[in-house]
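Engineer: Please work out how this folds:
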Amino acid sequence: MRIIILLAFLCLPFLSEAQIYKSYDKAGNVVFSDTPSKSAKKIELNDPQTYKSDEQKKSSMLEKPQEKKVKKEISYKPYSTFEIAQPANEQTLRPSEKGLGIVTISLLIEPKLQGNDQVIYYLDGMKAIGPTTSTTVELSNINRGTHNLQVEIVRGTGKQTQVIKTSNAITIYMHRPIISRNDEIAAIQPFTPDKPIKPTNTFKPLKPAGPLQPLQPAKALKPTS
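Structural biologist: Numbers count the residues shown, from 1 in each chain. Okay, the predicted model is just below:
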């Protein structure tokens, strides 16, 4: 009977996918079968444990090609519209409530910035702000006179940065009021009329001098020996 039970358990890994039933024959021996009977009980089998030697593990690793991590590439669409919406070309900018020499720049981009794309703002050919994802910025302390504005869309960072699109350059005229030196002094010290000066001393009239006496002729000098 022990041999029958042992053989049954040795066959269990091969029958793991089939259903096993346990029953007893007329002699009281344990019988394992894949066919159910009235007195048979279903046996729940666990997954068979397997063991691999170090050599088997190495061979399996060599057989399986190493999977390379592939970065998901972003599908970029071309920018159909990219321009400076504000200020307008050849617009004269005057002092506002924010102060002197301030200009607000707004962009019109279609489609919107994609992936890691950013924009750089240029004033008179020099980088003013960026890279940034903001499509509305404010420049300050701009001197009076004529200036040029231009914007670029860039992609990547460092040496891998590439210019994707460049807007048309526009011209603006910055107006700042001219204050003269007299206006500055007047603004600092308000004008007040001068008060009349009161005399501090009283002068008495001079008495007329007496008649002049006639000059007497000088005496002749005696010769010396």
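Engineer: Quick one: name whatever helix or strand follows the helix or strand of the chain with the lowest mean pLDDT.
Structural biologist: Ranking every helix and strand in the chain by mean pLDDT, DSSP states H and E puts helix 2-11 at the bottom, with a mean of 50. Reading on from helix 2-11 to the C-terminus, the next helix or strand found by DSSP states H and E is strand 20-24.
Engineer: who touches the lengthiest strand in the chain?
Structural biologist: Counting residues, the longest strand in the chain under DSSP state E turns out to be strand 145-155. Strand 145-155 has contacts (CB atoms under 8 Å, 6 or more residues apart in numbering) with 76, 79, 82, 84, 87, 103, 105, 107, 109, 113, 115-125, 130-131, 161-174. The way it works is simple: take the backbone N, C-alpha and C, and place the C-beta from them, glycine included.
Engineer: In the record's domain split, what are the boundaries for the protein?
Structural biologist: Taking automatic domain parsing as the reference, the chain has its domains at 2-47, 81-174.
Engineer: and the last one, how far apart are its ends?
Structural biologist: Domain 81-174 has an end-to-end distance of 27 Å (CA to CA, to the nearest Å).
Engineer: Quick check: residue 161 vs residue 38, distance?
Structural biologist: Computed as CB to CB, to the nearest Å, the residue 161 to residue 38 distance reads 81 Å.
Engineer: Compare the two (neighbour count), which wins?
Structural biologist: A side-by-side neighbour count of residue 161 and residue 38, using other CB atoms under 10 Å, places residue 161 first with 12 against 5.
Engineer: Quick check on the more buried one: phi, psi?
Structural biologist: Dihedral angles of residue 161 (phi, psi; degrees, to the nearest 10) stand at phi -70, psi 130.
Engineer: 56 is where my numbering starts, stick with that
Structural biologist: Renumbered: residue one is now 56, and that last one reads residue 216.
Engineer: Just list whatever residues bridge to the residue nearest to it when sequence neighbours are not counted.
Structural biologist: The shortest distance from residue 216 to any non-neighbouring residue, by CB to CB, 6 or more residues apart in numbering, is to residue 209 (5.3 Å). Legend: beta-bridge partners of residue 209 under DSSP bridges are residue 173, residue 218.
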